[in-house]
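K.L.:
the following comprises the amino acid sequence and a computationally predicted model.
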Amino acid sequence: MKIDRRSVLLAAGMAAGVGAASWAKGWRGLGMWVAAQTATSAPEDVLNPVEVTGPDAVPIIGQLPGARRMYVLPDGKGEYHRVGPFVMTRIARPVESGNAYELATFAGVTGSAMPRHTHLASHAAMVVMGGDIELELEGKRWRMLRGDFANIPPGTPHGWVMRSDRSRFALFSMGDRAGAAYVAMGTPADSSTPSSDDPKPIAPDKLARAAMAGDFQLAPLTANSGDVVRVSNLLLPSTDSAYVLLDGGGERYGGNTFCAKNANTNGQFVFIMTEGGQGPGIGAHFHARHTEDFLALDGETMVWAQGKAVPLKSGDFVQAPPRHIHGFKMMQPYNRFVGFLCPGIFENFFTHGQPGRNGIGGRGAGEGSVGSAQDHRPPGAPARGFVPPPGVGSDPNAMFRALMMSGVGPDGYPLDVHGPTLPLPPQDPIWTTGPQFRGGQASTLLLQHGRLLCGGALASREITAELRRAIALKPKAEDFV
């Protein structure tokens, strides 16, 4: 039989992973998959990718790059369009995402309205950043506040009205057609601040222009949509239907809560709320086959961007395309950011095929508390998910290699996470003065961080005391109305 680098890597990963009998169950699924593969079925760039280097690796700070690059945008920066009474700020355009998706924020004063419409071929997701928004979704009217989420599959009738002057939300839409419609509907603007004038309906000729230019079709209401109801749902569905989630709702794995999984998006993306307190962080790494976007909501998250320390505060955005090295650590007692991962091949890193804790909440709308801290495993049962092989402390990248080999994504390949293969660039002092990214301690602290934050991937679904204390400091959504 032909022995290639893939065979050697898989064998090494398996040998490291099954060193103890108690770990065998966690690795059984990967072992069965490996046994079923041919020695040349996985491309070299899947198993042994190399990060982007040189000028193309340097992140663009403060402006849209106009190319598929790593970049950071402060809150309020981007490409501005006045769309009727709204200002749409494009944060990630098709030219930045490789035509995979678009991200824009919509801001408007009280009474600003987008008529009921559908996108026939474009999946969208919406998260409220502030204010009070009435969302009409499939004939039901929902009151949505900061942190609330909506999944909007293709063909779903929806529209919205701003019910306060500080209303703003982020709209993620797949492909380039929905964004093209909104651009055609509006005119270029020079600011992200909406007009204070009384909002007027969007002109019919502008709506017709949008329908001609992109994926936008008016959908007149055929029945009474009833009264506006405050969002209260905490349970993530298991299908690709339209739904809304209260802030804190979804399927929780430690500090990561899925607002949308592959089952909800047909594998196009996963949408995760990540929250937690100050910690050692995740060191420099990269992904070869999916893009990670981060949109900050609360606290301060320090992003490692090719050696630069870039603080992300509320409304700030960073895109990490495939093969661009990045990392992060949370800096405040409570921090939260949105993770938009496209496509959704990295879901199993967080879940390892295990169900999360669905619908337990977490101070939704600033009220209540997160669910029980107990994981309800039988006495003596091993932790769910990944258990590190021995000896990872001697090699900072060993943890990432072990993580890669700890599961299989929906594309049939090992998990898409990789440590640096080349010497790192000069780094800001914040990454070198503490223990979190130095030498062998890096992998040990990565594991510690994972147990606190990414419980589903590395240890369990437990809500630790540290995480509980952080969530108790979560700001109230009403403070942003």
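P.N.:
Looks like it came in fine.
K.L.:
just give me the neighbour total for the closest residue in space to S112 that isn't next to it in sequence.
P.N.:
Excluding the flanking residues, the one nearest S112 by Cβ to Cβ, 6 or more residues apart in numbering is P85, at 3.8 Å. C-beta: built from backbone N, CA, C; applies to glycine. Look at P85: counted by other Cβ atoms under 10 Å, it has 22 neighbours.
K.L.:
H119 too?
P.N.:
Neighbour tally, H119, other Cβ under 10 Å: 23.
K.L.:
use 37 as the first number for this chain going forward.
P.N.:
Shifting the count to begin at 37 puts that one at H155.
K.L.:
okay, which residue is most central for this structure?
P.N.:
By Cα atoms, centre = their mean, the chain has its centre lying nearest to G375, at 1.7 Å.
K.L.:
residues in contact with the residue nearest to S148?
P.N.:
When contacts are counted by Cβ atoms under 8 Å, 6 or more residues apart in numbering, P121 touches G144, V145, G147, S148, A149, P230, S231, P235, K236, I238.
K.L.:
so how far is F205 from the second one?
P.N.:
Put plainly, it is V145. Distance from V145 to F205, counting by Cβ to Cβ, to the nearest Å: 14 Å.
K.L.:
so for these two, which sits in the more crowded spot?
P.N.:
It is F205, of V145 and F205, that has more neighbours when counted by other Cβ under 10 Å, with 24 against 19.
K.L.:
got the domain boundaries for this structure?
P.N.:
113-266, 279-516 (automatic domain parsing).
K.L.:
can you redo those domains as CSV with mean pLDDT and distance to E87?
P.N.:
Converted to CSV, those look like this (pLDDT from 0 to 100; distance: least, Cβ to Cβ, whole Å):
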stretch, mean pLDDT, distance to E87
domain 113-266, 96, 17
domain 279-516, 79, 5
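K.L.:
I97: which of the ones you listed is closest?
P.N.:
domain 279-516 (7.0 Å; Cβ to Cβ).
K.L.:
how far off centre is stretch 295-309?
P.N.:
Centre-to-centre, stretch 295-309 and its host chain are 9 Å apart (Cα atoms, centre = their mean, to the nearest Å).
K.L.:
show me where the chain has helices.
P.N.:
With DSSP state H as the criterion, the chain has helices at 41-53, 60-72, 80-83, 130-133, 213-221, 240-249, 298-301, 383-387, 434-440, 477-488, 491-494, 501-507.
K.L.:
can you list contacts of the fifth one?
P.N.:
The contact list for helix 213-221 (Cβ under 8 Å, 6+ apart) reads 117, 119-120, 124, 126, 129-130, 138, 140, 155, 157-158, 160, 209, 238, 242-243, 245-252.
K.L.:
of those, select the buried ones using a PyMOL command.
P.N.:
Typed into PyMOL, the line below selects the buried ones among the contacts of helix 213-221, using 16 or more other Cβ atoms under 10 Å:
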select buried, resi 117+119+120+124+126+129+130+138+140+155+158+160+209+238+243+245+246+250+251+252
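K.L.:
relative to F516, how far out is P240?
P.N.:
For P240 relative to F516 (Cβ to Cβ), the value is 34 Å.
K.L.:
of the two, who's got more company?
P.N.:
The residue with more neighbours, out of P240 and F516, is F516; 21 against 10, by other Cβ under 10 Å.
K.L.:
you'd agree that one is up against R182?
P.N.:
Yes - between F516 and R182 there is a contact under Cβ atoms under 8 Å: 4.4 Å.
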